[in-house]
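**Student:** Got a predicted structure here, sequence first:
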2 protein chains.
Amino acid sequence: MRENDFLSWIASRSDFDPAKVPVGPGDDMAVVAFDKDWLLTAVDQVLDGVHFDLAKDGPRAAGRKAMARNLSDVAAMAALPVGAVASVALPKGMKESDAREIYFGLRELGDEFACPLVGGDVSIWPGRLAISVTIFAKPAGVTGGIAPVLRSGARPGNAIFVTGALGGAWRTDRHLTFTPRVREAIVLSLRYRLRAMIDISDGLAMDLHRMCRASGVGADIHAAAIPVHPDAAAGRKIEPLEAALFDGEDYELLFTIPSGRAKQLESDDKIPLPVTRIGTITKGSDVVLIRLDGTREPLPQKGWEHQG
Amino acid sequence: MRENDFLSWIASRSDFDPAKVPVGPGDDMAVVAFDKDWLLTAVDQVLDGVHFDLAKDGPRAAGRKAMARNLSDVAAMAALPVGAVASVALPKGMKESDAREIYFGLRELGDEFACPLVGGDVSIWPGRLAISVTIFAKPAGVTGGIAPVLRSGARPGNAIFVTGALGGAWRTDRHLTFTPRVREAIVLSLRYRLRAMIDISDGLAMDLHRMCRASGVGADIHAAAIPVHPDAAAGRKIEPLEAALFDGEDYELLFTIPSGRAKQLESDDKIPLPVTRIGTITKGSDVVLIRLDGTREPLPQKGWEHQG
């Protein structure tokens, strides 16, 4: 069984009343009508041997990453964190000091982003360390006026951007130490009309395909434009571009804006991190990689699928 | 390390602004101010080898129990479920049909209680099956006018009640098949002024101690009044009363009301399940078991602590 197949199957069975659940499974966060307000929520787990290596990375990094992944989902909606809850399955025999380190790790980014850990469940079990965080958020903006940015809003002609530099994160500490782009997403959404956004957790190629599918569009991506992290292919027998396209765990943002504002964004010094235009949304459904010599090839929908 | 110690330690470190988080860790659900509304939320996990036995009970029962435990937390607040999210860590090699059974199990009670599963995260890992559910709820009542019933509201003189019959649940299928008392809690709270409530997940003794500690009160409990399940001690070398006091996994409700209404509740045929008065809240902090012959003895604060 593949995780993606199972998730698609779940999404296909989620027949909500759209007045009650405007956004269900399939986006970065679910949106639930909560009387007159929006409750935005997402859940993400980190598991020993899949998302971190307890023996090597330690318990604090595991807790930090659990919260960071969830805050990255909030960033992907350009939303404002409100709070979080966590469940932790602790291996039998774990020292209490290590369990506390997990909590400190969870609190680290929670405190930084004013996202209180408002509840939790702890069990000791004969299995490995598993941490699940559920995060709540609300629309950002002074009066909550920034609508959540969905995956499905990309339109033909939109310029496609990414933040930061991509590739190699999972081979370094970056997948544990990254800072979720919560603030940057809000600044971007205050200054530009973000049409679609997703955080790059499973690789640029995979997450671009997801955004295009959700929006019913295609994309032309320019290989030479993709910001490749300097160490993306360090010590590996692959091209750096391969790493930038297909590695996961970057937790950068992939988003689109109307093309008329693209030039302005490229030179906007109010944006607190590098943003790079990598291509353009197209009609149809083809996601195409354009090489420097002009050759066009389908961008494979492959990427990072944690398989344990 | 003991789970309770760790949870207490976490609660002691949770210094929220009470205007933002009126109820944090330490109650059945956390309450977060969400603009003008209340967001109630709780998280509970079920783990193979602790809360269920995958080989014996099957995946559907595991999924059902994950949702049932969370709905029981909603019942304990006399609140109305709004939605839930789940993370599932699937053992490598699990068949997709089994994974679907987990989902069906989660949906079973979700659908019955109008509690949509609005999001989720699925990972495959080298560990055992772990399911974590986070549930959202809001105050019940036509206009949301029923305040959440906390553990901390018990007052000296209050009559103490339990629903159903206690003991032996974890030795039978009842810990998998129980129906959370969501509807009954709302009916009770519409007709009586519930002062404090908790769901009995770790045993009557343990959860009564928790309620008394949270309320700053003691309790006198009458041994002869405790509703013991007929099979509480079946096949065991213990007294049925022992099982009713110290077994966990009952998921019945323990609550208090002003004593002036106790007689009326005892004979109220509008309440859709048996409710039994078992004692009275007292000043001080002693939780006392009164035997049929009038002897008073401290009720041990022991109970069900899953140790894997």
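**Tutor:** Great, that's in hand. Numbers count the residues shown, from 1 in each chain, chains lettered A, B, ... in the order given.
**Student:** And for residue A:114, nearest residue in space, chain neighbours not counted?
**Tutor:** residue A:81 (6.7 Å; CB to CB, 6 or more residues apart in numbering or on different chains). Placement of C-beta: from N, CA and C, glycine included.
**Student:** Please, which helix or strand holds that neighbour?
**Tutor:** Assigned by DSSP states H and E, residue A:81 falls within strand A:79-91.
**Student:** so what does that strand touch, helix or strand wise?
**Tutor:** For strand A:79-91, the elements it packs on are helix A:59-76, helix A:96-112, strand A:117-125, strand A:130-139, helix A:182-191, strand B:30-34, strand B:37-47, strand B:130-139, judged by 3 or more CB pairs under 8 Å, 6 or more residues apart in numbering or on different chains; DSSP states H and E.
**Student:** The residue nearest to residue A:114 touches residue A:74, doesn't it?
**Tutor:** Yes - if you go by CB atoms under 8 Å, residue A:81 and residue A:74 touch, sitting 5.1 Å apart.
**Student:** Would you mind getting the angle between the helix or strand where residue A:208 lies and helix A:59-76?
**Tutor:** Taking DSSP H and E as the definition, residue A:208 sits inside helix A:204-215. For helix A:204-215 against helix A:59-76, the angle by axes from the mean of the first three to the mean of the last three CA atoms, to 10 degrees is 40 degrees.
**Student:** neighbouring contacts of helix A:204-215?
**Tutor:** A:26-27, A:150-155, A:160, A:162, A:166, A:196, A:198-201, A:218-219, A:221, A:226, A:244-246, A:248, A:250, A:254, A:256, A:281, A:285, A:287, A:299-305 (CB atoms under 8 Å, 6 or more residues apart in numbering or on different chains).
**Student:** Narrow those to those in helices?
**Tutor:** Secondary structure from DSSP state H places A:244, A:245, A:246 of these in helices.
**Student:** Now for residue A:91, how many residues are close by?
**Tutor:** For residue A:91, the neighbour count with other CB atoms under 10 Å in any protein chain shown is 18.
**Student:** Oh, that last question was meant for residue A:68, not what I typed.
**Tutor:** For residue A:68, the count of nearby residues is 26 (other CB under 10 Å).
**Student:** residues in contact with the residue in the stretch 151-300 of chain A positioned nearest to chain B?
**Tutor:** When scored by CB to the nearest CB, the stretch 151-300 of chain A has residue A:201 as its residue closest to chain B, at 10.8 Å. By CB under 8 Å, 6+ apart, the contact set of residue A:201 is A:69, A:72, A:207, A:248, A:249, A:250, A:251, A:304.
**Student:** same question, residue A:179
**Tutor:** A:68, A:109 are the contacts of residue A:179 under CB under 8 Å, 6+ apart.
**Student:** How about the one 3 residues further on?
**Tutor:** By CB under 8 Å, 6+ apart, the contact set of residue A:182 is A:71, A:74, A:75, A:80, A:81, A:113.
**Student:** Of those - the most surrounded one?
**Tutor:** Using other CB under 10 Å as the neighbour test, the contacts of residue A:182 are led by residue A:74, with 32 neighbours.
**Student:** Was I right to think it contacts residue A:67?
**Tutor:** No - with contact defined as CB under 8 Å, residue A:74 does not count as touching residue A:67 (10.5 Å).
**Student:** Identify the contacts common to these two.
**Tutor:** Counting by CB under 8 Å, 6+ apart, the residues touching both residue A:74 and residue A:67 are A:115, A:135.
**Student:** Make TSV out of the contacts of residue A:182 and add pLDDT.
**Tutor:** Output for the contacts of residue A:182, formatted as TSV (pLDDT from 0 to 100):
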residue	pLDDT
A:71	96
A:74	93
A:75	95
A:80	89
A:81	88
A:113	94
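**Student:** Report the buried residues of stretch A:55-65.
**Tutor:** Of all the residues in stretch A:55-65, those buried under the rule 16 or more other CB atoms under 10 Å in any protein chain shown are A:57, A:58, A:59, A:60, A:61, A:62, A:63, A:64, A:65.
**Student:** Just give me the closest of these to residue B:92.
**Tutor:** Of all the buried residues of stretch A:55-65, residue A:62 has the smallest distance to residue B:92: 19.5 Å, by CB to CB.
**Student:** Tell me, how many residues neighbour the nearest residue to that closest one once chain neighbours are set aside?
**Tutor:** Spatial nearest neighbour of residue A:62, excluding adjacent residues (CB to CB, 6+ apart): residue A:52 at 4.7 Å. Neighbour count of residue A:52, defined by other CB under 10 Å: 23.
**Student:** and what of residue A:275?
**Tutor:** Using other CB under 10 Å: residue A:275 sits among 22 other residues.
**Student:** Which residues does it form beta bridges with?
**Tutor:** The partner list for residue A:275 in beta bridges (DSSP bridges) reads residue A:163.
**Student:** which residues does it contact?
**Tutor:** Here residue A:275 is in contact with A:161, A:162, A:163, A:188, A:265, A:266, A:268 (CB under 8 Å, 6+ apart).
**Student:** Quick one: classify the last one as helix, strand or coil.
**Tutor:** Secondary structure of residue A:268, reduced to three states by DSSP: H, G, I helix; E, B strand; the rest coil: coil.
**Student:** quick one: residue A:163 from residue A:197, how far?
**Tutor:** Distance from residue A:163 to residue A:197, counting by CB to CB, to the nearest Å: 10 Å.
**Student:** again with residue A:257
**Tutor:** 10 Å.
**Student:** Count the residues that sit near the closest residue to residue A:245 other than its chain neighbours.
**Tutor:** Spatial nearest neighbour of residue A:245, excluding adjacent residues (CB to CB, 6+ apart): residue A:205 at 4.7 Å. Neighbour count for residue A:205, taken as other CB under 10 Å: 23.
**Student:** And the pLDDT for residue A:205?
**Tutor:** Confidence at residue A:205, expressed as pLDDT, is 97.
**Student:** Repeat that for residue A:11.
**Tutor:** 62.
**Student:** what's the answer for the one 5 residues further on, then?
**Tutor:** Turning to residue A:16, the model gives it a pLDDT of 61.
**Student:** what's the answer for the one 4 residues further on, then?
**Tutor:** What the model reports for residue A:20 is a pLDDT of 55.
**Student:** do residue A:140 as well
**Tutor:** Reading off the model, residue A:140 has pLDDT 85.
**Student:** Now do it against residue A:38, distance only.
**Tutor:** Noted for residue A:140: a distance of 11 Å to residue A:38, by CB to CB.
**Student:** cool, and residue A:209?
**Tutor:** Counting by CB to CB, the separation of residue A:209 from residue A:38 is 27 Å.
**Student:** again, but for residue A:197
**Tutor:** 16 Å.
**Student:** same question, residue A:272
**Tutor:** Here residue A:272 is placed at a distance of 26 Å from residue A:38 (CB to CB).
**Student:** would you put the C-alpha positions of the strand holding residue A:81 in PDB?
**Tutor:** The C-alpha atoms that make up strand A:79-91 are tabulated as PDB, following Å, rounded to 0.1, in the frame of the first residue of the first chain:
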ATOM      1  CA  ALA A  79      -2.900  32.000   8.500                       C
ATOM      2  CA  LEU A  80      -2.200  32.900  12.100                       C
ATOM      3  CA  PRO A  81      -1.500  30.200  14.600                       C
ATOM      4  CA  VAL A  82      -3.900  30.100  17.600                       C
ATOM      5  CA  GLY A  83      -2.800  27.000  19.500                       C
ATOM      6  CA  ALA A  84      -1.900  23.300  19.300                       C
ATOM      7  CA  VAL A  85      -2.400  20.000  21.000                       C
ATOM      8  CA  ALA A  86       0.000  17.100  20.900                       C
ATOM      9  CA  SER A  87      -0.100  13.400  21.600                       C
ATOM     10  CA  VAL A  88       3.100  11.600  22.400                       C
ATOM     11  CA  ALA A  89       3.700   7.800  22.500                       C
ATOM     12  CA  LEU A  90       6.800   7.400  24.600                       C
ATOM     13  CA  PRO A  91       8.900   4.200  24.400                       C
END
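**Student:** Tell me the gap between it and the middle of its chain.
**Tutor:** Distance of strand A:79-91 from its chain centroid, counting by CA atoms, centre = their mean, to the nearest Å, is 16 Å.
**Student:** mind listing what it pairs with, with the direction of each?
**Tutor:** In the sheet, strand A:79-91 lines up with strand A:117-125 (parallel), strand A:130-139 (antiparallel) (DSSP bridges).
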